[in-house]
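A.B. asks: Give me a model of this one.
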Amino acid sequence: LPSPPPRRPPMSSPPAPAPEPSPALAAAAAASSATLALKNLDYSLTPAALADVLAACPPPVGQATAVAFHRDPATGRFSGVAFLEFAGPADAADAARALEGLEILGRRVRVGFRTRRERAAAAAR
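C.D. replies: Numbering: from 1, shown residues only. This next block holds a predicted model:
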């Protein structure tokens, strides 16, 4: 029997596609919001401690134009949600990618974009 033809080396596989962004980050383009909502923050977190964490992050995270802590209307205590406002939606999207999964005081931060409903509720107060 004749020997089989030599095998060609396998072709290199195409590069793996980029990972899909989290749903919150994927909605960034559609939301076009310049305000991020940091959720799952420790209730003992202070504005000064959050400012220190943000200052240690690379731009544009450290360049937030405003930071607001959400407080429970009934008790006045911090609810574990803070809002970061940026110059524009592109800066907010970059900051969201940098902050996603960050751990502050032992809790993994969830990042989202402030919704119209949250803006309307804040304006009503």
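A.B. asks: can you pull the buried residues of the strand or helix carrying F69?
C.D. replies: Assigned by DSSP states H and E, F69 belongs to strand 66-71. For strand 66-71, a neighbour-count test (16 or more other C-beta atoms under 10 Å) marks 69-70 as buried. From N, CA and C alone the C-beta is placed, and that goes for glycine too.
A.B. asks: Show me what the following helix or strand past that strand pairs with in its sheet, parallel or antiparallel.
C.D. replies: Heading C-terminal from strand 66-71, the first helix or strand you meet, by DSSP H and E, is strand 78-85. Take DSSP bridges as the rule and strand 78-85 pairs in its sheet with strand 35-39 (antiparallel), strand 66-71 (antiparallel).
A.B. asks: Not counting its own residues, what contacts the first one?
C.D. replies: By that I understand strand 35-39. Strand 35-39 has contacts (C-beta atoms under 8 Å, 6 or more residues apart in numbering) with 80-86, 92, 95-96, 99, 109-114, 118-119.
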